[in-house]
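K.L.:
here is my input, please return the structure:
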Amino acid sequence: MADGTATPTGSDALDLLRSQRRPDGTWSAGGRRYWRKQGSAGVEVVDWGDAHQIVTPVAAYVLA
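P.N.:
Have a look, this model is predicted:
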């Protein structure tokens, strides 16, 4: 199938995405979101905040 569920890997990926949905219906951006300036003690170059405004619509589209 074109939706990615025809393989166990595709189904597992969708299950993982569903499991990461927060109680308020949004997804948070996890992990490293952007490159870090060298020697900057772990400070991100871009302040992503929670970034759920970007992640949530994409995750919802994938699950639709």
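K.L.:
which residues are in contact with stretch 56-64?
P.N.:
Here stretch 56-64 makes contact (CB atoms under 8 Å, 6 or more residues apart in numbering) with 14, 17, 18, 20, 21, 25, 26, 27. In this view, the C-beta of every residue, glycine as well, is placed from N, C-alpha and C.
K.L.:
tell me how far residue 57 lies from residue 25.
P.N.:
12 Å (CB to CB, to the nearest Å).
K.L.:
compare those two (neighbour count), which wins?
P.N.:
residue 57 (12 against 9; other CB atoms under 10 Å).
K.L.:
put the alpha carbons of the helix or strand containing that one into PDB.
P.N.:
Assigned by DSSP states H and E, residue 57 falls within helix 52-63. Listed next in PDB are the C-alpha coordinates belonging to helix 52-63 (Å, rounded to 0.1, in the frame of the first residue of the first chain):
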ATOM      1  CA  HIS A  52       4.700  21.600  18.300                       C
ATOM      2  CA  GLN A  53       3.200  24.100  15.900                       C
ATOM      3  CA  ILE A  54       5.400  22.600  13.200                       C
ATOM      4  CA  VAL A  55       5.400  19.000  14.300                       C
ATOM      5  CA  THR A  56       1.700  18.500  15.000                       C
ATOM      6  CA  PRO A  57       0.300  19.300  11.600                       C
ATOM      7  CA  VAL A  58       2.800  17.000   9.900                       C
ATOM      8  CA  ALA A  59       2.200  14.100  12.300                       C
ATOM      9  CA  ALA A  60      -1.500  14.500  11.900                       C
ATOM     10  CA  TYR A  61      -1.100  14.500   8.100                       C
ATOM     11  CA  VAL A  62       0.900  11.300   8.200                       C
ATOM     12  CA  LEU A  63      -1.700   9.600  10.300                       C
END
